[in-house]
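Asks: Here is a sequence together with a model predicted from it:
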Number of protein chains: 2
Amino acid sequence: MAVVELFRALGDASRLEMIRRLSSGDVFTINSLSEGLDITRQGARKHLQILADAQLVTLVPKGRGTNIQMNREMLDQGRAFIADLEHRWDIRLEALRRFVDNE
Amino acid sequence: MAVVELFRALGDASRLEMIRRLSSGDVFTINSLSEGLDITRQGARKHLQILADAQLVTLVPKGRGTNIQMNREMLDQGRAFIADLEHRWDIRLEALRRFVDNE
DNA sequence: TCAATAGGCAACCATTTAGTTGCCTATTCT
DNA sequence: AGAATAGGCAACTAAATGGTTGCCTATTGA
């Protein structure tokens, strides 16, 4: 299930910070995105690969650098998944409420 | 950051399936929730502890069993976090669109 | 052309994770 | 009281994860 990979990818402080930065809309390269994360470039690169595998991010080689693009659709899928869980929950609560009222 | 733990907790197939089941609103006990997950009760119990640590779930001892309650609020926090990322992203796209239009 | 910049690849290490098994305790039902 | 049920605790294993270092390649710019 793709959503498992999505959540797993988001479940790490470094990766979540990367996504937070990318959501600003600024353009990042592997080097610039790695700065201030307290890990080496190679460490950051690994995280980036995980984000890319989860399709949260796309790596686009450009000249001697690599541009990183965030992928809004995957965030949306994650949000929709959670919303669906909540919806099922709400439906049940509503049914329960009606049941209690009719007693 | 609590949201990291939340996403990490959701980033596993067994745990996500547990949450999916719980979202139905049915009452589960550790044994009943473990059934059909293809892991032992002890394995499931460990996952459950991770969900409890992330506050996605509360374990309530009841008689010789243990009732498991899902915690809607944490799901909500996760959804809100993603929605916020998307919002930041949208704002930037909007600004970019206006910039292009004014050229 | 050649130094500097951006990055890739691979090996390696320590810690965490997912899962198991074995055995002990507490509650319930007859 | 005693069997059956629900679960806890601890030790152990294999594999995944997060991180590092060393070195190689490709693009750019003076």
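Replies: Perfect, I can see it now. Predicted, not measured: the structure shown is a model, and the values here were computed from it.

Asks: mind exporting stretch A:3-21 as PDB, just the C-alpha atoms?
Replies: The C-alpha trace of stretch A:3-21 is given here as PDB (Å, rounded to 0.1, in the frame of the first residue of the first chain):
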ATOM      1  CA  VAL A   3       0.100   5.300   1.800                       C
ATOM      2  CA  VAL A   4       2.200   3.200   4.200                       C
ATOM      3  CA  GLU A   5       5.300   4.300   2.400                       C
ATOM      4  CA  LEU A   6       4.100   7.800   2.400                       C
ATOM      5  CA  PHE A   7       3.600   7.900   6.200                       C
ATOM      6  CA  ARG A   8       6.800   6.100   6.800                       C
ATOM      7  CA  ALA A   9       8.600   8.700   4.700                       C
ATOM      8  CA  LEU A  10       7.000  11.500   6.700                       C
ATOM      9  CA  GLY A  11       7.900   9.700  10.000                       C
ATOM     10  CA  ASP A  12      11.400  11.100  10.400                       C
ATOM     11  CA  ALA A  13      12.400  14.500  11.700                       C
ATOM     12  CA  SER A  14      15.000  15.200   9.000                       C
ATOM     13  CA  ARG A  15      12.600  14.200   6.200                       C
ATOM     14  CA  LEU A  16       9.700  16.100   7.600                       C
ATOM     15  CA  GLU A  17      11.800  19.200   7.900                       C
ATOM     16  CA  MET A  18      12.800  18.800   4.300                       C
ATOM     17  CA  ILE A  19       9.200  18.600   3.200                       C
ATOM     18  CA  ARG A  20       8.400  21.600   5.400                       C
ATOM     19  CA  ARG A  21      11.100  23.600   3.600                       C
END
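
Asks: just how off-centre is it within its chain?
Replies: 5 Å (C-alpha atoms, centre = their mean, to the nearest Å).

Asks: is any part of it close to DNA strand C?
Replies: No: using C-beta under 7 Å from any atom of the strand, stretch A:3-21 stays clear of DNA strand C, coming no nearer than 8.3 Å. Yep, even glycine has a C-beta here, placed from its N, CA and C like the rest.

Asks: List of residues touching that stretch?
Replies: The contact list for stretch A:3-21 (C-beta atoms under 8 Å, 6 or more residues apart in numbering or on different chains) reads A:28, A:33, A:37, A:39, A:43-44, A:47-48, A:50-51, A:53-57, A:70, A:74, A:77-78, A:81, B:1, B:3-13, B:16, B:85.

Asks: Please check those and keep the buried ones.
Replies: Among these, those classed as buried by 16 or more other C-beta atoms under 10 Å in any protein chain shown are A:28, A:33, A:37, A:44, A:47-48, A:50-51, A:54, A:56-57, A:70, A:74, A:77-78, A:81, B:3-12, B:16, B:85.
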